[in-house]
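Undergrad: take this sequence and fold it.
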Amino acid sequence: MHKNIRLDHSKWGVLLVLMVFSAMSASATFAQNAIRINEVHLNNQSGYIDESGNRSPWIEFYNPSAATINMGGMFLSDDPNEPAKFPIRTGSKKSIVPPYQTFVVFLDGEAGKGVHHVDMVLDPSQTNTIYLYLEDGVTLVDQITIPPMDADISYARVPDGKGDFQLTTHVTPDELNDYFHGNENIKNFRTYDPYGLVMTLIAVSTVFIALIILYFVFKGTGNFFTRKEREKEVSKSTTPTKSSKPTKKQSKSDEVYAAIAMALHDANGSPEHVAIAMALYQSGILGGERSGMIYLSPEKTATNWSNKSFMMRRTPKQLQK
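TA: Predicted structure coming up:
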């Protein structure tokens, strides 16, 4: 019984894979059915060139769907009794047509050049019919009957993929026909400015004006910030700074001055002598061992004036002596 259940599970798995594969194939076939012949140019004398630099007849296809379509393996034919006459080469990403984009194939009889070439060759002076078939070589996707064509005249569908065909001098290989055929401004530009000189001048002028505007914008911005920095510097220089705390050196000097004053006063120096000694010390004349100055007390023998014993206050007993 367990073996039967396993077999049933295997059958369901295979069936599911087949269903998914069938759905994917149906989706791809449905997408390929959406491809349309969009423009044909059979008498190319001065227009579109291929990768070899040659001007050849060409046909353009348009993908009007939201799906990506691979045209590799599809067939072109000029005979409904032989639908698989001219295959489009497979095995190249170049045959993939994104949504709402175009794909060009040259009808030059040189399929060996690549995916953009087939062996079909048509006479532009005659009426021709082109058929497009799916990979099965049976299902017809689209067809077009082309009237005799003069040089550099194309047979284009407007709007793209669904409109009627018309002969036009506005040849648009690998481009949307709506954009060029439905826009009167573009038509006027192509008529009055065939070499694009006016368009070039407009583009260059636009870039030049934009650069001038950017120059003044950056210059004005730079001047603004420079002015702000100068104002900050001026305000800093004019604003009175708060008195800073005395440094260690200043504090030490004040203590030295006080000690000298007390020592001189205790040594029976008069206020005038004290003031003179302080002035001399501040000027550097009196002070340290290098000065060699000696202060003589009337009651003591000569000694160095900076001796610490003179900085000590005498007791009443010492004063009585």
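
Undergrad: for Gln126, give me its contacts.
TA: By C-beta atoms under 8 Å, 6 or more residues apart in numbering, the residues touching Gln126 are Pro148. (C-beta placed from N, C-alpha, C; glycine too.)

Undergrad: give me the number of residues near Ser92?
TA: Neighbour count of Ser92, defined by other C-beta atoms under 10 Å: 13.

Undergrad: residues contacting the closest residue to it other than its chain neighbours?
TA: Spatially, and ignoring its direct neighbours in sequence, Ser92 is nearest to Val115 (4.3 Å; C-beta to C-beta, 6 or more residues apart in numbering). By C-beta under 8 Å, 6+ apart, Val115 lies in contact with 72, 88-90, 92, 94-95.

Undergrad: mind checking the backbone torsions on Val115?
TA: The phi/psi pair for Val115 (degrees, to the nearest 10) reads phi -70, psi -20.

Undergrad: please, where are all the strands along this protein?
TA: 36-41, 58-62, 69-70, 75-77, 86-87, 96-97, 102-107, 117-118, 128-133, 140-146, 154-158, 164-168, 294-295, 303-304 (DSSP state E).

Undergrad: of those, which is nearest Arg227?
TA: strand 102-107 (58.0 Å; C-beta to C-beta).

Undergrad: tell me what the closest one is packed against?
TA: Counting contacts by 3 or more C-beta pairs under 8 Å, 6 or more residues apart in numbering; DSSP states H and E, strand 102-107 packs against strand 58-62, strand 117-118.

Undergrad: can I get the ones you listed in TSV including distance to Thr226?
TA: Below are the helices and strands packed on strand 102-107 laid out as TSV (distance: least, C-beta to C-beta, whole Å):
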stretch	distance to Thr226
strand 58-62	59
strand 117-118	65
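
Undergrad: mind telling me which of the strands of the chain the model trusts least?
TA: If you rank the strands of the chain by mean pLDDT, strand 294-295 sits at the bottom with a mean of 44.

Undergrad: what's the average pLDDT for the longest helix along the chain?
TA: Longest helix in the chain, counting residues (DSSP state H): helix 197-238. Averaging the model's pLDDT scores along helix 197-238 yields 87.

Undergrad: how many neighbours does Arg157 have?
TA: 22.

Undergrad: again with Thr139
TA: 15.

Undergrad: OK, contacts around the closest residue to it other than its chain neighbours?
TA: Distances taken as C-beta to C-beta, 6+ apart place Tyr133 nearest to Thr139, at 6.2 Å, with adjacent residues excluded. By C-beta under 8 Å, 6+ apart, Tyr133 lies in contact with 74-77, 83-84, 139-141.

Undergrad: and Tyr133, bridged to which residues?
TA: Following DSSP bridges, Tyr133 is listed with bridge partners Phe75, Leu140.

Undergrad: ok, back up a step: ok, the residue nearest to Ser92 to Ser56 distance?
TA: Between Val115 and Ser56 the computed distance is 15 Å (C-beta to C-beta, to the nearest Å).

Undergrad: same thing with Gln32?
TA: Taken as C-beta to C-beta, the span from Gln32 to Ser56 is 25 Å.

Undergrad: export stretch 205-215 as CSV, just CAs?
TA: Extracted in CSV, the C-alpha atoms of stretch 205-215 (Å, rounded to 0.1, in the frame of the first residue of the first chain):
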residue,chain,number,x,y,z
SER,A,205,23.6,77.5,-25.5
THR,A,206,21.6,75.7,-22.8
VAL,A,207,24.8,74.1,-21.3
PHE,A,208,26.7,77.5,-21.5
ILE,A,209,23.9,79.4,-19.7
ALA,A,210,23.7,76.7,-17.1
LEU,A,211,27.4,77.0,-16.4
ILE,A,212,27.2,80.8,-16.1
ILE,A,213,24.3,80.4,-13.6
LEU,A,214,26.3,77.9,-11.6
TYR,A,215,29.3,80.2,-11.6
